[in-house]
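# no sequence for this one, just the structure:
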């Protein structure tokens, strides 16, 4: 079964450094998402992306965050200057179609640890 | 009031038991309801997906939505040790938000052999 793949599985970074998290969505999917889950808390929506544009973002997704689809297969999340509170699991998801109610399929996540 | 509330458990049942997992929500704009299963160190895996009120069955799993009570349930029949995981409810269709899933905190389920 097709799946969303994320790399690396674990990233350790010094506070203030830039980090890029990578995702390969399911190949025929057109809509892409990032979520995060701080330890012990809910999975939270960060951003959705379609046709090379952000379609929706949460209040968490401030100017320190950016997303990009640099080629036909990868989807990346960049955090420019990491803070301690950015430590979390980051999940990439994709869906075939957009809009409310479309099933989103998740990768296994990248655990980001900020020191 | 939190947008989606889910009892985190933990819930421990013997193999073969019927399991009932529930979420309540406050936003009446939610129209789409999902259940995800998350094994340790893995991402959420879509289990069930329903629109509006009603029931949906898939094998041992039944999802129920009661929009009038703002209450959703997932039932697992003949539970197996392999069902041991965290179960997350998720919802979407909230007013102007077309893409965002809003999750509950998850219920940790252990099925004992």
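Perfect, thanks for sending it. Keep in mind that what you see is a predicted model, and the values were worked out from it rather than measured. Numbering: from 1, shown residues only, chains lettered A, B, ... in the order given.

# What is the neighbour count of the nearest residue to residue B:10 once chain neighbours are set aside?
Excluding the flanking residues, the one nearest residue B:10 by CB to CB, 6 or more residues apart in numbering or on different chains is residue B:108, at 4.3 Å. For glycine as for every other residue, the C-beta is placed from the backbone atoms N, C-alpha and C. Using other CB atoms under 10 Å in any protein chain shown, residue B:108 has 16 neighbouring residues.

# Residue B:108 pairs with what?
residue B:86 (DSSP bridges).

# Determine which residue lies closest to the centroid of chain A.
Taking CA atoms, centre = their mean, the centroid of chain A lies closest to residue A:34, which sits 3.0 Å from it.

# doesn't residue A:44 make contact with it?
No: using CB atoms under 8 Å as the test, residue A:34 is too far from residue A:44 to be in contact (9.9 Å).

# Is stretch B:59-66 positioned near chain A?
No: figure legend: stretch B:59-66 not in contact with chain A (CB under 8 Å from any CB of the partner chain); closest approach 12.4 Å.

# Now do that stretch: everything it contacts.
B:33, B:35, B:47-50, B:52-57, B:71-79 (CB atoms under 8 Å, 6 or more residues apart in numbering or on different chains).

# before we move on, what about stretch A:70-87?
Counting by CB under 8 Å, 6+ apart, residues outside stretch A:70-87 touching it are A:13-25, A:27, A:32, A:34, A:38-39, A:46-47, A:49, A:63-69, A:90, A:92, A:94, A:112-114.

# Which ones among those residues map onto strands?
If you go by DSSP state E, those have A:13, A:19-24, A:32, A:34, A:46-47, A:49, A:65-68, A:90, A:92, A:94, A:112-114 in strands.

# filter the residues you listed to the buried ones?
A:13, A:19, A:21-24, A:32, A:34, A:46-47, A:49, A:65, A:67, A:90, A:92, A:94, A:112, A:114 (16 or more other CB atoms under 10 Å in any protein chain shown).

# Residues of chain B that sit close to chain A?
Within chain B, the positions lying close to chain A (CB under 8 Å from any CB) are B:4, B:31-32, B:34, B:36, B:41-46, B:49, B:51, B:88, B:90, B:92-94, B:97-106.

# One more pass at 7 Å, please.
Contacts of chain B with chain A, taken as CB under 7 Å from any CB of the partner chain, map to B:31-32, B:42-44, B:46, B:49, B:51, B:88, B:92-93, B:97-101, B:103-105.

# Now do residue 61: how many residues are near it, please.
Going with chain A. 19.

# ah, no, chain B please
17.

# That one and residue A:91: what is the separation?
Residue B:61 sits 22 Å away from residue A:91, going by CB to CB, to the nearest Å.

# Please point out which parts of the helix-or-strand element of chain A with minimal mean pLDDT sit buried.
For chain A, using mean pLDDT, DSSP states H and E, the weakest element among its helices and strands is strand A:53-57, scoring a mean of 92. Buried residues in strand A:53-57, counted by 16+ other CB under 10 Å: A:55, A:56, A:57.

# Kindly report the same for stretch B:76-91.
Under 16+ other CB under 10 Å, the buried positions of stretch B:76-91 are B:76, B:79, B:83, B:84, B:85, B:86, B:87, B:88, B:89, B:90, B:91.
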